[in-house]
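*Asks:* need a structure here:
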Amino acid sequence: MESDFSRFRKLKDICEVEISQELSPAEKKKEYIRQTGSSTAHMVGDVEVECVYGNMKLEKMLADLICE
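*Replies:* Residues are numbered from 1 along each chain as shown. Next comes the predicted model:
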């Protein structure tokens with residue numbers, strides 16, 4: 001049986017993500033999602049993390065993740 005976390009195997013480790021500082025904030029958000037494969041599920045080294053933000057807007061959640 002496959003676990004609920006099987007989708008994490010497809011994700012890129014966020015430690016390997018590189019985002020150009022020359023991009024606009026909107027472009028940085030899109031690039032983060034493109035590189036990691038998800039806006040809520042993340043790989044941090046060997047740790048699998050899923051962030052649940054309730055009704056928080058995607059823009060605010062991503063700003064928290066990329067330290068805007």
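*Asks:* show me what counts as buried in the helix or strand bottoming out on mean pLDDT in the chain.
*Replies:* The helix or strand with the lowest mean pLDDT-type score in the chain, counting by mean pLDDT, DSSP states H and E, is helix 58-65 (a mean of 76). Neighbour counts over helix 58-65 (16 or more other CB atoms under 10 Å) mark 61-62, 65 as buried. Placement of C-beta: from N, CA and C, glycine included.
*Asks:* so how far is that helix off the chain centroid?
*Replies:* In this view, helix 58-65 has its centroid 10 Å away from the chain centroid, taken as CA atoms, centre = their mean, to the nearest Å.
*Asks:* elements contacting it?
*Replies:* Applying 3 or more CB pairs under 8 Å, 6 or more residues apart in numbering; DSSP states H and E, we find helix 58-65 packed against helix 25-36.
*Asks:* buried stuff in the helix it packs on?
*Replies:* Buried residues in helix 25-36, defined by neighbour count with 16+ other CB under 10 Å: 28-29, 31-32, 36.
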